[in-house]
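[1] coords please:
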Amino acid sequence: MSPLLVCCGLATLDVVQVVDRVPGADEKVVARSVDVTFGGPAANAAATAVALGVRTVLVTALGVGSVADIVRAGLVAAGVEVVDLAPGPGSPAVSTVLVTRATGERAVVSVNATGTADLREPPADLLEDATTLLVDGHHLRAAHVLARAARARGIPVLLDGGSWKPGLDRLLAHVDHAVLSADFALPGGGGLEDVLTLGPSLVAQSAGSGPVRVLRVGRPAEVLQPPTVAAADVVDTLGAGDVLHGATAAALATGQDVLTALREGVVRASESVRHRGALGWVYEV
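    The predicted structure follows:
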């Protein structure tokens, strides 16, 4: 079977400006550059997987309108097949991103998926040829439907856990592998061990440029050490986590075991910070 990755989650319009420093209250700064492109965890992960040679379908909410047209055109140009669950006129979220020139650190403001509601059900045959499903916790109802169907078909389900969202505990019950950001935290506290009790057989947590901690059911804790990237070589950390998840999901879709897939994701994410944007590593020579 040819590999097919299905991603379900957020797509945004990102307005990315490179600045010397993030402005303070009531202050204006002049940007060094500006770029307008698609973004969002699932969207960037999908484009990453396509860049790595894996056919990928993105299930998201775009709607009909000028902003939706820009996002859709960008995704299609990146080779991503789009399934839009938004029923009519509307707009994906717009994210404002400030990247600090000297360090590559980013600050992001976005409404995420809070403005979307009343989405269509995902097509019943969407997972027919899928070899992996990635969900990012946004558009939670659709993600839950797909994750439950994937589990029933024996298709691996990978969670991009950027942050805790209400209802995520129900989704985790149908997740095989949860790869969490450094900022992810359970309500009321708790560690990776507690996430493991919610359903996944593997839980991993990244730590920026630091090691990735991995827990698997019935096994001792493991650590994956990313390649060293000198601070002077860091251009932009925007989307590095999305690249991690997209590359991991792409490797899973091709039949790699989860630890091998995660190692591949860590390597790709480390390379991505040497370039501008989530996909600079693909397009920059």
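
[2] can you confirm residue 235 is in a helix?
    No - the assignment for residue 235 (DSSP: H, G, I helix; E, B strand; the rest coil) gives coil, which keeps it out of a helix.

[3] so who does the closest residue in space to it that isn't next to it in sequence touch?
    Among residues not flanking residue 235 along the chain, residue 104 sits closest, at 5.3 Å (CB to CB, 6 or more residues apart in numbering). From N, CA and C alone the C-beta is placed, and that goes for glycine too. By CB atoms under 8 Å, 6 or more residues apart in numbering, the contact list for residue 104 reads 234-237, 273.

[4] do you know how far the spatially most central residue of the chain is from residue 184?
    Residue closest to the average C-alpha location in the chain (CA atoms, centre = their mean): residue 41, at 2.9 Å. Distance from residue 41 to residue 184, counting by CB to CB, to the nearest Å: 12 Å.

[5] go on, residue 10?
    16 Å.

[6] Repeat that for residue 139.
    Computed as CB to CB, the residue 139 to residue 184 distance reads 18 Å.

[7] Tell me which of those two has more neighbours.
    Between residue 139 and residue 184, counted using other CB atoms under 10 Å, the more crowded position is residue 139 (25 against 21).

[8] Return the distance of stretch 2-13 from the chain's centre.
    Distance, stretch centre to chain centre, for stretch 2-13: 9 Å (CA atoms, centre = their mean, to the nearest Å).

[9] pLDDT on it, on average?
    Taken as a whole, stretch 2-13 has a mean pLDDT of 95.

[10] residues of it that come out buried?
    By neighbour count with 16 or more other CB atoms under 10 Å, stretch 2-13 contains the buried residues 3-13.

[11] Could you do stretch 257-274 as well?
    By 16+ other CB under 10 Å, the buried positions in stretch 257-274 come out as 258, 261-274.

[12] which residues touch it?
    Contacts to stretch 257-274, defined as CB under 8 Å, 6+ apart, come from residues 48, 52, 104, 156, 176-177, 179, 202, 204, 206, 209, 212, 214, 222, 224, 226-227, 229, 233-237, 239-241, 243-252, 256, 278, 280-281.

[13] Counting neighbours, which of these end up buried?
    For the contacts of stretch 257-274, a burial check counting by 16+ other CB under 10 Å picks out 48, 52, 104, 156, 176-177, 179, 202, 204, 206, 209, 212, 214, 224, 226, 229, 234-237, 239-241, 243-252, 256, 278, 280-281.

[14] Tell me where the model's unsure across the chain.
    Along the chain, segments meeting pLDDT under 70 span 113-117, 284-285.

[15] Quick one: the helices in it, in order.
    41-51, 66-77, 140-153, 168-172, 192-196, 240-253, 258-272, 280-283 (DSSP state H).

[16] Next, the angle helix 240-253 makes with the first one.
    Here the directions of helix 41-51 and helix 240-253 differ by 50 degrees (axes from the mean of the first three to the mean of the last three CA atoms, to 10 degrees).

[17] Run the chain-centre distance for helix 41-51.
    In terms of CA atoms, centre = their mean, the centre of helix 41-51 is found 7 Å from the chain centre.

[18] what sits up against it?
    Here helix 41-51 makes contact (CB under 8 Å, 6+ apart) with 5, 7-12, 38, 56-60, 71, 75, 78-80, 134-136, 138, 160, 162, 239, 241-243, 245-247, 249-250, 253, 268, 278-279, 282.

[19] re the thing from before, can you list residues touching both of residue 41 and residue 184?
    Common neighbours of residue 41 and residue 184, using CB under 8 Å, 6+ apart, are residue 162.

[20] circling back to that earlier point, okay, the buried residues of stretch 2-13 in a markdown table with distance to residue 100 next?
    Shown next, in a markdown table, are those (distance: CB to CB, whole Å):
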| residue | distance to residue 100 |
| --- | --- |
| 3 | 37 |
| 4 | 38 |
| 5 | 32 |
| 6 | 35 |
| 7 | 29 |
| 8 | 32 |
| 9 | 27 |
| 10 | 24 |
| 11 | 25 |
| 12 | 20 |
| 13 | 21 |
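
[21] residues touching the closest residue to residue 141 other than its chain neighbours, list them.
    Counting by CB to CB, 6+ apart, residue 141 lies nearest to residue 119, which is 6.9 Å off, once chain neighbours are set aside. With contacts defined as CB under 8 Å, 6+ apart, the neighbours of residue 119 are 61, 85-87, 139, 141-142.

[22] Take those and, keeping just the buried ones, write it as a PyMOL select command.
    The buried residues among the contacts of residue 119 can be selected in PyMOL (16+ other CB under 10 Å) with this line:
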select buried, resi 61+85+86+139+142
